[in-house]
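Any chance you could fold what I've pasted below:
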Amino acid sequence: MHERTSNHTKILFPTPHTPYPTPHTPHPTPHTPHPTPHSLTPETSMSPFSPLIGQPQAVELLTQAVTRNRIAPAYLFAGPSGVGRGLAAECFIELLFHRERSNLENSAILRHRILARNHPDLLWVEPTYLHQGKRLSVAEAIAAGIRRKSAPVIRLEQVREIARFLARAPLEAPRSIVVIEQAETMAEGAANGLLKTLEEPGQATLILIAPGVESLLPTLVSRCQRIPFYRLPSEAMAEILQKANQAEILNQREVLHLAQGSPGAAIAHWQQLQEIPPDLLQTLSQPPRSYRAALDLARQIDKTLEPETQRWLIDYLQQTYWQQMVSDSQLTSRLLPIQLLEKARQYLLQSVQPRLVWEVMLVKMVQV
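Numbering: from 1, shown residues only. Model prediction:
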């Protein structure tokens, strides 16, 4: 069995890589025929796409590709994070890997293997950190307690592993599948290496997951069939969050504003919020009133929060100050702190010493 080269990434939902909980599949009556992959439609109750909520166009395009036996060598699942792109990839893989759906037990086993990333014909690639010469997934870095100063990326060596994986014929399924999460994090060298694989993928299909076509090299986009994903309306957001046992988020106005129609983002923002001490968050809800308070705050933020959480805090404070500005009509007094936060974000992304960034920004807020 092929050994996986990547592990689970961001833990946003109850099951790995599954934005929405998978509902229980009812057993059919003895005389009910089981549909084959080529007879499935988006409305079919047995469809692997049943867990995917609010993305009917993506479901239609992918289902029709299987029905008509016109599977593209590469797909680009384009849209915001947290709206079901990864879940759609899992559902699509389940559909592609099924030779027939006449055995519900085998269906459940296949689904579990896909979720666990232990199918020999599936390679799921995610961005990694490089720590002491070793690649670590996001989950591994968090578990190891490593301070993450920069964002994870898809590396050239991972692209080479994709080529080696596709060099052999599929062992169990009709085709091999490679999924590349956050494909936009590929550097130019890695992207060019992937381009060679896309030109001759062999008996395989690649799925690139990215925010949009503008985030990838045009040469990569031109070789992929685009499947669009969209932000969800409030009704779909509520349904998904309730099914994920995250209904409390529906009462968090700032979190919902940050999520902008992405249930996955809402859960991620809520999890980030839990990592910040409530007293610190309360203090930061208003700009500091003295230089000493500003310096104390900067020291506490640098000491308490991971770099990744500090960058998230910038987004949260911008949203908080913006809401205050709109509700209190304090355009002048709130606009400058928002601008200062944006500059601080840029400095943090450039790996400037975090404490210095916060000190400069908070001191300037005192001067407002």
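
hey, let's count contacts and neighbours off CA atoms from now on
Will do.

From residue 206, how far out is residue 178?
In this structure, residue 178 and residue 206 are 5 Å apart, going by C-alpha to C-alpha, to the nearest Å.

where does the stretch 251-368 of the chain dip in pLDDT?
326-334, 368 (pLDDT under 70).

thinking again about what came up before, who has more neighbours out of residue 178 and residue 206?
residue 206 (23 against 20; other C-alpha atoms under 10 Å).

Can you show me the strands along this protein?
Secondary structure of the chain by DSSP state E: the strands cover 74-78, 122-125, 129-131, 134-136, 176-180, 204-210, 225-228.

Quick one: closest of the ones you listed to residue 95.
Ranking the strands of the chain by proximity to residue 95 (C-alpha to C-alpha) places strand 176-180 first, at 11.8 Å.

Give me the neighbour count for residue 245.
12.

for residue 184, that is, sorry about that
Neighbours of residue 184 (other C-alpha under 10 Å): 21.

For the nearest residue to residue 85 once chain neighbours are set aside, report the pLDDT, please.
Nearest residue to residue 85, sequence neighbours excluded (C-alpha to C-alpha, 6 or more residues apart in numbering): residue 77, at 6.3 Å. Listed pLDDT for residue 77 reads 98.

and residue 77, what does it touch?
Residue 77 makes contact with 85, 207, 208, 209, 210, 226, 227, 228, 229, according to C-alpha atoms under 8 Å, 6 or more residues apart in numbering.

Which pLDDT value goes with the most centrally placed residue in the chain?
Centroid-nearest residue in the chain, with C-alpha atoms, centre = their mean: residue 81, separated by 4.6 Å. We have a pLDDT of 95 for residue 81.

so what's it up against?
When contacts are counted by C-alpha under 8 Å, 6+ apart, residue 81 touches 210, 211, 262, 264, 265.

Report how many residues lie close to the fourth one.
What it means is residue 264. The number of residues near residue 264, taken as other C-alpha under 10 Å, comes to 24.

likewise the second one?
Residue 211 is flanked by 19 other residues according to other C-alpha under 10 Å.

Please apply the same query to residue 278.
Quick note: residue 278 (other C-alpha under 10 Å) scores 11 neighbours.

And it, how far from residue 285?
For residue 278, the distance to residue 285 - C-alpha to C-alpha - is 11 Å.

Skipping its backbone neighbours, what lies nearest residue 318 in space?
Nearest to residue 318 is residue 338, by C-alpha to C-alpha, 6+ apart, at 5.4 Å.
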